[in-house]
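Visitor: the sequence and its predicted three-dimensional model are supplied below.
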Amino acid sequence: DLGQGDLETGEELYRVPAREYAHRIEINPDGQTAYVEHGVLALIDVDTGEILREYSTSHVFDFELSLDRKTVYLVDREDVFEWDIETDQMVRFFGKTPTARSQVELTPDGRYLLTSTSSGTLYLWDTSNGEELYQFKSDIERWLMVIDVHPDGTYAIVPGGNATAFLWDLTLPIELEEVRAWIAQNRYVREPTCKEREVFSLTPLCEEGAEESSSLLPGLPLVGLVVGALVFRRSILGKGKKLFFLK
């Protein structure tokens, strides 16, 4: 069922039957409507629980709204995809796995999506193109039912059952083009000496008897590459006086 209760008194305000098991509810900023999944994605009236709109999705297990709240990321059985809330059409299909998916979580900056599976694997996706970036594999084969991302986006913690939890590092190398740009700005090679020009046949060679130029300043050799990390941010929900419960 889907219901609403008063946090101060504990009173149940209403309860309405759900089509299937309901796992998540997301209240919109206006406080008047909310999205809930109960087999399908639905928009409901917060005050009454009345279903205002149901979307043409099926077997939805979990969902996560995009940062602009124009699309929603859905998981159903083995698939994950992005759905347009206004047009009720699929925007992008992310992929399929051999085992059923359970949860979905967006990183605070909206650039990456995390999904878990019944085999104990966590998947990291690029939301801009639906590409699978990485698989985090645990040493257990069971449902990973909850995903929580640290406020700075660098870690994800997932309960593993039997009083255990997995903490995964989500930091990724910076893009290749960013690395190349850094090299171009930070790579300095000093002017070779006359002796080095001669040894390595670097033209133009110095004229015979020419002295080393004192105006040439030695540069800094390239000693390596600096690999940065993607930084994520996370929003925090405000406090309220009412609690939604899913039973």
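Guide: Yes, it's here. The shown structure was predicted, so the numbers you read here are calculated from the model rather than taken from an experiment.
Visitor: buried set for stretch 10-18?
Guide: residue 18 (16 or more other CB atoms under 10 Å). Using the backbone N, CA and C atoms, a C-beta is placed for each residue, glycine as well.
Visitor: contacts for it?
Guide: By CB atoms under 8 Å, 6 or more residues apart in numbering, the residues outside stretch 10-18 that reach it are 1-6, 36, 38-39, 48-50, 242, 246.
Visitor: tell me which strands the strand or helix carrying residue 136 pairs with, and in which orientation.
Guide: Using DSSP states H and E, the element containing residue 136 is strand 132-137. Next to strand 132-137 in the sheet, as set by DSSP bridges, lie strand 121-126 (antiparallel).
Visitor: which pair in the contacts of stretch 10-18 spans the largest distance?
Guide: 6 and 39 (27.5 Å; CB to CB).
Visitor: which one's more surrounded, the two?
Guide: It is residue 39, of residue 6 and residue 39, that has more neighbours when counted by other CB atoms under 10 Å, with 17 against 12.
Visitor: so the more buried one makes contact with residue 59?
Guide: Yes. When contacts are counted by CB atoms under 8 Å, residue 39 is listed as touching residue 59 (6.7 Å).
Visitor: and the residue lying closest to residue 111 once chain neighbours are set aside, how many neighbours?
Guide: Using CB to CB, 6 or more residues apart in numbering and skipping the chain neighbours, the partner closest in space to residue 111 is residue 127 (6.0 Å). Number of residues near residue 127 (other CB under 10 Å) recorded here: 20.
Visitor: before we move on, what about residue 19?
Guide: 13.
Visitor: and residue 38, by the same measure?
Guide: By the criterion of other CB under 10 Å, residue 38 has 23 neighbours.
Visitor: could you say which helix or strand contains the residue nearest to it when sequence neighbours are not counted?
Guide: In space, and not counting its chain neighbours, residue 38 is closest to residue 18: 3.7 Å by CB to CB, 6+ apart. Under DSSP H and E, no helix or strand contains residue 18.
Visitor: distance of residue 18 relative to residue 52?
Guide: Per CB to CB, to the nearest Å, residue 18 is found 15 Å from residue 52.
Visitor: repeat for residue 135
Guide: From residue 135 over to residue 52 (counting by CB to CB), the distance is 38 Å.
Visitor: before we move on, what about residue 33?
Guide: 7 Å.
Visitor: okay, and the common contacts of those two?
Guide: Taking CB under 8 Å, 6+ apart as the contact rule, residue 33 and residue 52 both touch 43, 44, 45.
Visitor: and the helices in the protein?
Guide: For the chain, the helices defined by DSSP state H cover 176-186, 194-200.
Visitor: which of those helices has the lowest mean pLDDT?
Guide: With a mean of 70, helix 176-186 has the lowest mean pLDDT of these.
Visitor: restricting to C-alpha, output stretch 114-134 in PDB.
Guide: C-alpha atoms of stretch 114-134 as PDB (Å, rounded to 0.1, in the frame of the first residue of the first chain):
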ATOM      1  CA  LEU A 114      24.600   3.600 -10.400                       C
ATOM      2  CA  THR A 115      22.500   0.500 -10.700                       C
ATOM      3  CA  SER A 116      22.700  -2.700  -8.600                       C
ATOM      4  CA  THR A 117      21.800  -6.300  -9.500                       C
ATOM      5  CA  SER A 118      20.800  -9.500  -7.900                       C
ATOM      6  CA  SER A 119      24.300 -11.000  -8.400                       C
ATOM      7  CA  GLY A 120      26.000  -8.500  -6.100                       C
ATOM      8  CA  THR A 121      27.400  -6.200  -8.900                       C
ATOM      9  CA  LEU A 122      27.200  -2.400  -9.000                       C
ATOM     10  CA  TYR A 123      27.200  -0.800 -12.500                       C
ATOM     11  CA  LEU A 124      28.300   2.800 -13.300                       C
ATOM     12  CA  TRP A 125      26.800   4.500 -16.400                       C
ATOM     13  CA  ASP A 126      27.400   7.700 -18.200                       C
ATOM     14  CA  THR A 127      24.000   9.500 -18.300                       C
ATOM     15  CA  SER A 128      25.000  11.600 -21.400                       C
ATOM     16  CA  ASN A 129      25.200   8.600 -23.700                       C
ATOM     17  CA  GLY A 130      24.100   5.500 -21.800                       C
ATOM     18  CA  GLU A 131      27.600   4.000 -21.900                       C
ATOM     19  CA  GLU A 132      28.600   1.500 -19.200                       C
ATOM     20  CA  LEU A 133      31.800   2.800 -17.600                       C
ATOM     21  CA  TYR A 134      32.600   0.300 -14.900                       C
END
